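[1] A structural model of the following input is requested.
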Amino acid sequence: MVVVMNLSAGPEHIAAVKERLEQNGFEIHMIRGVKRLVIGAVGDRQVIDSLGLEAMPGVERVVPIMKPYKLVSREAKGENTLVKVKDVVIGGRELVVIAGPCAVESREQLLNTARSVRRAGARMLRGGAFKPRTSPYSFQGLQVEGLKLLAEASAETGLATVTEVVDEASLELAMEYVDMVQVGARNMQNFSLLRMVGRSAKPVLLKRGLSATVEEWLMAAEYIVSEGNENVVLCERGIRTFENATRNTLDLSAVPLVKELSHLPVIVDPSHATGNRRLVAPVSRAAVAVGADGLIIEVHPDPARALSDGPQSLTPEEFDSLTKQLGTVAAAVGREFSRGE
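    Model prediction:
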């Protein structure tokens with residue numbers, strides 16, 4: 001449930017409500033909105049009525065949350081969460097584009113890509129330093145060296161950075177070098193990893209699992225938020241179905257649905273969804289049209305030589321062409337996108 005405090009509630013009123021809840025075994029989470037404070041309480045619903053919370057000074061109302069995901073639900077917080085990554089805000093009026101190579105391969109490759117995507121309007125740089133691959137013989141990433149290159153690219157271009165973490169060791173290393181950590185589709189239900197990133201201070205990009213339902217996806221986000229990290233961005237990247245014409249089946253309906261169910265921002269990954277660079281631009285436009293807060297797009301200076309996901313990576317020229325189209329689509333749905341030209 002959530003306890004909505006009224007505008008006149010003072011610190012002593014909030015403290016009294018917290019104390020009563022904690023004395024009755026509830027786990028407390030403070031949810032601070034623009035206009036008011038909400039106290040999220042996770043515990044035994046059977047005792048709610050006996051606590052007399054609605055009669056306490058400063059309490060406006062008590063709202064039971066019926067969804068299994070409590071803290072990330074729209075019931076817990078009516079206004080949209082804004083996630084700040086360096087100087088970038090995801091979830092506001094601005095459409096945020098994240099771009100870069102699937103994997104960091106070399107200094108030249110990453111810096112050239114970072115410069116080109118920044119000129120084209122990207123606000124964040126993606127690049128994999130730790131690559132969980134289906135085959136153990138595939139390129140697994142440069143690891144620490146890749147993280148250092150991401151930090152160098154960020155220092156030169158000003159782009160915020162995001163990279164995937166796969167375990168405790170990679171998380172500890174990434175904390176030092178990047179601005180946001182990603183939990184990939186294969187790890188969406190790695191609950192120990194979710195708890196670890198939840199205890200970290202870094203914003204988290206949480207990708208939907210290969211065959212995850214919307215509820216399972218939101219429950220994974222709940223693991224992170226329940227550990228104290230509210231800076232979670234959800235990423236729809238397609239799910240596995242019987243269709244094999246594309247790499248995955250992009251569930252665009254999930255974008256407006258999740259924004260109705262949850263206050264967390266939602267972005268779309270058209271690269272992994274389609275697996276085909278020719279489809280990335282039209283799918284990107286569609287994602288913006290249905291309300292996505294951003295896009296994460298793979299860009300490589302020479303896709304034919306890419307060590308990972310070359311067929312779905314745009315060239316810098318193709319990415320530049322795409323971003324020229326995004327402003328018009330964004331404006332049509334009440335969003336803003338500027339290439340900074």
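
[2] now do the SS call for the residue nearest the centre of the chain.
    Centroid-nearest residue in the chain, with C-alpha atoms, centre = their mean: residue 233, separated by 2.0 Å. Of the three states, residue 233 takes strand under DSSP: H, G, I helix; E, B strand; the rest coil.

[3] tell me the domain boundaries of this structure?
    Per automatic domain parsing, the domain ranges recorded for the chain read 2-63, 83-332.

[4] hmm, back to that, tell me the pLDDT at the residue nearest to the centre of the chain?
    Confidence at residue 233, expressed as pLDDT, is 98.

[5] what about it, distance to residue 204?
    As judged by C-beta to C-beta, to the nearest Å, residue 233 and residue 204 stand 7 Å apart. Using the backbone N, CA and C atoms, a C-beta is placed for each residue, glycine as well.

[6] what's the overlap in contacts for the two?
    Residues within reach of residue 233 and of residue 204 at once, by C-beta atoms under 8 Å, 6 or more residues apart in numbering, are residue 180.

[7] what sits against residue 236?
    Taking C-beta under 8 Å, 6+ apart, we find residue 236 in contact with 208, 250-252, 254-255, 258, 266-269, 273, 292.

[8] re earlier: out of the domains of the chain, which comes closest to residue 70?
    Relative to residue 70, the nearest member of the domains of the chain by C-beta to C-beta is domain 2-63, separated by 5.7 Å.

[9] now that closest one: mean pLDDT?
    Averaged across domain 2-63, the pLDDT comes to 85.

[10] on that earlier part again, nearest to residue 306, out of the contacts of residue 236: which one, please.
    residue 269 (16.4 Å).

[11] grab the nearest non-local neighbour of that closest one.
    residue 237 (3.8 Å; C-beta to C-beta, 6 or more residues apart in numbering).

[12] burial of the one you found, as a residue count?
    When neighbours are defined as other C-beta atoms under 10 Å, residue 237 has 22 of them.

[13] just checking, it touches residue 183?
    No. Applying C-beta atoms under 8 Å as the test, residue 237 and residue 183 come out as separate, 11.8 Å apart.

[14] anything in contact with each of these two?
    residue 207.

[15] still on that earlier bit, in terms of mean pLDDT, which of the domains of the chain ranks lowest?
    Across the domains of the chain, the lowest-scoring stretch is domain 2-63, with a mean of 85.

[16] the stretch 151-300 of the chain: strands as residue ranges?
    Along the stretch 151-300 of the chain, counting by DSSP state E, counting those that start in this stretch, strands occupy 160-164, 180-183, 204-207, 232-236, 266-268, 294-298.

[17] hmm, back to that, now, which of the contacts of residue 236 lie within helices?
    254-255, 258, 273 (DSSP state H).

[18] including neighbour count and distance to residue 73, could those residues go into CSV?
    Listed next are the ones in helices among the contacts of residue 236 as CSV, based on neighbours: other C-beta atoms under 10 Å; distance: C-beta to C-beta, whole Å:
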residue, neighbour count, distance to residue 73
254, 21, 16
255, 23, 17
258, 23, 11
273, 25, 26
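
[19] nearest to residue 222, of these?
    residue 258 (13.0 Å).

[20] that closest one contacts residue 265, doesn't it?
    No. If you go by C-beta under 8 Å, residue 258 and residue 265 don't touch, sitting 9.7 Å apart.

[21] common neighbours of these two, please.
    residue 234.

[22] identify the residues contacting the closest residue to residue 151 other than its chain neighbours.
    Excluding the flanking residues, the one nearest residue 151 by C-beta to C-beta, 6+ apart is residue 177, at 4.5 Å. Each residue near residue 177 by C-beta under 8 Å, 6+ apart is listed here: 147-148, 150-151, 161.

[23] before we move on, what about residue 195?
    223-224, 227.

[24] biggest helix in the protein by residues?
    Assigned via DSSP H, the chain shows its longest helix as helix 316-332.

[25] export only the CA atoms of that one, formatted as CSV.
    In CSV, the C-alpha atoms belonging to helix 316-332 read as follows (Å, rounded to 0.1, in the frame of the first residue of the first chain):
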residue,chain,number,x,y,z
PRO,A,316,27.4,6.8,-39.0
GLU,A,317,25.8,8.1,-42.2
GLU,A,318,22.7,6.0,-41.7
PHE,A,319,22.4,7.1,-38.1
ASP,A,320,22.7,10.7,-39.2
SER,A,321,19.9,10.2,-41.7
LEU,A,322,17.7,8.7,-39.1
THR,A,323,18.1,11.4,-36.5
LYS,A,324,17.1,14.0,-39.1
GLN,A,325,13.7,12.3,-39.2
LEU,A,326,13.2,12.0,-35.5
GLY,A,327,12.4,15.6,-34.7
THR,A,328,9.3,15.6,-36.9
VAL,A,329,7.9,12.4,-35.4
ALA,A,330,8.7,13.6,-31.9
ALA,A,331,7.0,16.9,-32.4
ALA,A,332,3.9,15.1,-33.7
